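Q: pasting the sequence and the predicted coordinates here, then a few questions.
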Amino acid sequence: MFKTVLRNCESRVLFGRRCHSSNERLQETDHLFDTDIFDVGGVQWDPKLNQKVLLVQLTAPLPRTTTATSVQIEKKKDKDALELSEAKSLVRSVHTWQLESVLTFNHNPKHLKSQYLLGPKKLADINQFLSRSKIDIVFINVPQITSLQFANLSSLWKRYVIDRYVLVLTIFRLHASSKEAKLQVARLMVALIKNRIDQNCLPWYLRGKLLGSTQGSPKQAKGAVTAKEARRLKIQALEAKVKTGLERASVNRQNVRRRNLSSHLPLISVIGYTNCGKTTLIKSLTRSHKLNPENKLFATTEASSHFGTLKNDVPCIYNDTVGFISNLPHTLVDAFTASFEEISSSQMIVLITDISHPDWSSQMGVVDNTIGDMLKRMPSKMSCAPTHSWVKQTQVGKGGSELTVEKDSVIRVFNKCDKVTASELEERLDCVSSKLGDKDYLLTTATTGKGVADVVDNIYHRLCASGFLIEQTVIVPSYRSEEYKFLKENAHFQSEESIGPSETELVERVELRVVLHHTVLRKFAALFPLNALSKVVLSENYHELW
């Protein structure tokens, strides 16, 4: 199907996010960003250093106004254990970091905005532990600490203090391979450093450097009077460089999206919580040996595209996406909307959930809520989605509009079914049915390929039901006719059969059973209006075909 397009794709990696042409247009050397960031933020930003980490886990106490039942206590223990396990996995995702120890404290969420985040007794306990341990980084497992809390705690402990925001940013920075992904990370890191410098909320290792004059220091920015001013000028220059790079990457992304749409190939994006098996499922769908799924959080840090086939060998493109995670600030989620913007033009979405995970229900909720938040936050960028996109624009009130999900374009898949017992699976699926109100979902074990064929068939049938793909019987004059050549180049043949001369038909013809894109059908009708199919398509009732 679409042989010309496929040849172009194979030679130019047309749909890849790592297109050679984009790299040629973004010629800045990667290490320059790291050098500049280390200069303005300190070498502690370097995720390649071997670091020993202390994890500080804060758990909310049970309400004192009511007597907690044993069931409530057990549920809270399970929730706290899952949160702690995820935090440990995040630390281990940075392969050069070693998790030395974990300190757990009950902490009232109302006190998270205090100057030191923690009370005097908790601070004293951590101080005592740090005094007898060789710890380089203190990771406080909260979404994001304030600049003031960062400065106070880092100065008190003489350690580098991070939160979930900085840790996930570090993971992305370590694993990002494309230019745009590195630029997105650099933009967030520069914004964070700039905010802390503007508020005079700096760690101990930088405060002394910002008090003296720049005289005698050849590395300081030209025209700066103090080290603080020089650092601010350095940040402004880095901001400008990152902004220019992102603007170029945005242009390239728009060009890629236009080429994707003009190819008439179905685009299917796989979305889900981090480490739920997205890459493994795509590997099974495409039978690609180049994909190497890893059992860790954020193994995928940028979107990528992979060729596959649907039923009847109809070619398509599968988009692998960045996984979601709980308790992340919106600033970090928004930074990677480029990945989300890419999949807005997809015709189908495979929403995958790890049904074997103890907290599968919450993870499914996090993904659903994050998608909803992104749709609310970026209507101007996604309102240009094509007609058969999984995102639709709905009118609200007078002149208003909002983006919503086209339900029929979303396929829910529950993966890793082999890791739970039959009774556990049945119990969890009953819960799914009560949440969704139906049983419109598929079960897979992506590592073995079980259930993958059902996903492929479901995608194909939904694309046909939506009218994006059309199965049609066409009769053309001969194998040498222009109609035959056009369909051979732009459609996928399911079957072809010669219709020989008969009493009523004196000329031999060819009957074709084809699958084609809806715009290709309209183009065929415009080019060959005398064809019997074209007459139907051009009639007032042609829309009934789809």
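A: Nice, I can see it.

Q: burial of residue 116, as a residue count?
A: 14 (other C-beta atoms under 10 Å). Every residue, glycine included, has its C-beta placed from N, CA and C.

Q: residue 532 too?
A: Neighbour tally, residue 532, other C-beta under 10 Å: 11.

Q: list the contacts for it?
A: Counting by C-beta atoms under 8 Å, 6 or more residues apart in numbering, residue 532 makes contact with residue 475.

Q: any idea how far it is from residue 481?
A: Note on residue 532: its distance to residue 481, by C-beta to C-beta, to the nearest Å, is 13 Å.

Q: so where's the stretch 201-350 of the chain shaky on pLDDT?
A: Filtered on pLDDT under 70, the stretch 201-350 of the chain yields the residue ranges 204-225, 227-228, 260-261, 329-342.

Q: longest helix of this structure?
A: As assigned by DSSP state H, the longest helix anywhere in the chain is helix 227-263.

Q: packing partners for it?
A: helix 20-25, helix 30-41, helix 179-198, helix 337-343 (3 or more C-beta pairs under 8 Å, 6 or more residues apart in numbering; DSSP states H and E).

Q: between these, which gets the lowest average pLDDT?
A: Ranked by mean pLDDT, the helices and strands packed on helix 227-263 bottom out at helix 20-25, with a mean of 38.

Q: any idea what sits nearest residue 363, other than its immediate chain neighbours?
A: residue 273 (4.1 Å; C-beta to C-beta, 6 or more residues apart in numbering).

Q: ok, the one you found touching residue 322?
A: No - assessed by C-beta atoms under 8 Å, residue 273 is found out of contact with residue 322, at 10.9 Å.

Q: more neighbours: these two, which one.
A: residue 273 (25 against 19).

Q: and whichever strand or helix holds residue 166, C-alpha only, in PDB?
A: Following DSSP states H and E, one finds residue 166 within helix 164-175. C-alpha atoms of helix 164-175 as PDB (Å, rounded to 0.1, in the frame of the first residue of the first chain):
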ATOM      1  CA  ARG A 164      10.600  14.600  42.300                       C
ATOM      2  CA  TYR A 165      10.600  17.500  39.800                       C
ATOM      3  CA  VAL A 166      14.400  17.700  39.700                       C
ATOM      4  CA  LEU A 167      14.900  13.900  39.900                       C
ATOM      5  CA  VAL A 168      12.600  13.200  36.900                       C
ATOM      6  CA  LEU A 169      14.300  16.100  35.100                       C
ATOM      7  CA  THR A 170      17.700  14.500  35.800                       C
ATOM      8  CA  ILE A 171      16.400  11.100  34.400                       C
ATOM      9  CA  PHE A 172      15.200  12.800  31.200                       C
ATOM     10  CA  ARG A 173      18.500  14.700  30.900                       C
ATOM     11  CA  LEU A 174      20.500  11.500  31.300                       C
ATOM     12  CA  HIS A 175      18.400   9.500  28.800                       C
END
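
Q: that one to helix 179-198, inter-axis angle?
A: 140 degrees (axes from the mean of the first three to the mean of the last three C-alpha atoms, to 10 degrees).

Q: hmm, who's touching helix 164-175?
A: 47-48, 87, 90-91, 93-95, 139, 141-144, 162, 181-182, 184-185, 188-189, 192, 297-299, 301, 325, 327-329, 331-332, 336.

Q: number of nearby residues for the nearest residue to residue 436 once chain neighbours are set aside?
A: Sequence neighbours aside, residue 412 is the residue nearest to residue 436 in space, at 7.3 Å (criterion: C-beta to C-beta, 6+ apart). Other residues near residue 412 number 16, with proximity taken as other C-beta under 10 Å.

Q: may I have the strands that pair with the host helix or strand of residue 412, each with its orientation?
A: Taking DSSP H and E as the definition, residue 412 sits inside strand 410-415. Sheet pairing of strand 410-415 (DSSP bridges) gives strand 348-354 (parallel), strand 441-443 (parallel).

Q: give the buried residues for the shortest one.
A: Spelled out, it's strand 441-443. 441, 442, 443 (16 or more other C-beta atoms under 10 Å).

Q: do stretch 306-315 as well
A: Quick answer for stretch 306-315 (16+ other C-beta under 10 Å): 306, 307, 308, 309, 310, 311, 314, 315.

Q: and the residues you listed as CSV, adding distance to residue 121 and secondary structure?
A: As requested, those are arranged in CSV below (distance: C-beta to C-beta, whole Å; DSSP: H, G, I helix; E, B strand; the rest coil):
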residue, distance to residue 121, secondary structure
306, 53, strand
307, 59, strand
308, 57, strand
309, 62, strand
310, 61, coil
311, 64, helix
314, 65, coil
315, 63, strand
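
Q: list the buried residues of the helix or strand in which residue 374 is found.
A: With secondary structure defined by DSSP H and E, residue 374 is part of helix 360-377. Along helix 360-377, these residues count as buried under the neighbour rule (16+ other C-beta under 10 Å): 360, 363, 364, 366, 367, 370, 371, 374, 375, 377.

Q: over to stretch 104-111?
A: Applying 16+ other C-beta under 10 Å to stretch 104-111 flags residue 107 as buried.

Q: can you list contacts of that stretch?
A: 56-61, 80, 84, 117-119, 122, 125.

Q: what about it, distance to the chain center?
A: 31 Å (C-alpha atoms, centre = their mean, to the nearest Å).

Q: which one among the buried residues of strand 441-443 gets closest to residue 423?
A: residue 443 (14.9 Å; C-beta to C-beta).

Q: and that closest one, what does it touch?
A: 355, 413, 414, 417, 425, 429, 451.

Q: distance of it relative to residue 282?
A: 17 Å.

Q: for residue 49, same thing?
A: Applying C-beta to C-beta to residue 49 and residue 282 gives a distance of 33 Å.

Q: report pLDDT for the closest residue to residue 50 other than its chain neighbours.
A: Leaving aside its sequence neighbours, residue 50 sits nearest to residue 96 (C-beta to C-beta, 6+ apart; 5.2 Å). On the pLDDT scale, residue 96 is placed at 88.

Q: give me the neighbour count for residue 96.
A: Neighbour tally, residue 96, other C-beta under 10 Å: 11.

Q: same deal with residue 435?
A: Residue 435 has 12 nearby residues by other C-beta under 10 Å.

Q: residue 85 now?
A: 12.

Q: one more: residue 241?
A: Residue 241, neighbours per other C-beta under 10 Å, totals 17.

Q: which among the contacts of helix 164-175 count as buried?
A: Buried, going by 16+ other C-beta under 10 Å: 47, 87, 90-91, 93-94, 139, 141-142, 144, 162, 181-182, 184-185, 188-189, 192, 297-299, 301, 325, 327-328, 332, 336, out of the contacts of helix 164-175.

Q: which of these fall in helices?
A: Using DSSP H, the buried ones among the contacts of helix 164-175 in helices are 87, 90, 91, 181, 182, 184, 185, 188, 189, 192, 332.

Q: from residue 159, how far off is the first one?
A: Counting by C-beta to C-beta, the separation of residue 87 from residue 159 is 17 Å.

Q: go on, the third one?
A: In this structure, residue 91 and residue 159 are 15 Å apart, going by C-beta to C-beta.

Q: right, and residue 408 touches residue 465 too?
A: Yes - with contact defined as C-beta under 8 Å, residue 408 reaches residue 465; the gap is 7.2 Å.

Q: thinking again about what came up before, closest one of the ones in helices among the buried ones among the contacts of helix 164-175 to residue 459?
A: residue 181 (27.4 Å).

Q: any idea which residue is closest to the centre of this structure?
A: Closest to where the C-alpha atoms of the chain average out (C-alpha atoms, centre = their mean) is residue 322, at 2.8 Å.

Q: then it would be within a helix, right?
A: No - counting by DSSP: H, G, I helix; E, B strand; the rest coil, residue 322 is located in no helix; its state is coil.

Q: before we move on, back to that, name every strand pairing with the helix or strand following the longest helix of the chain and say which way it goes.
A: Next helix or strand after helix 227-263 toward the C-terminus (DSSP H and E): strand 267-272. Sheet pairing of strand 267-272 (DSSP bridges) gives strand 315-320 (parallel), strand 348-354 (parallel).
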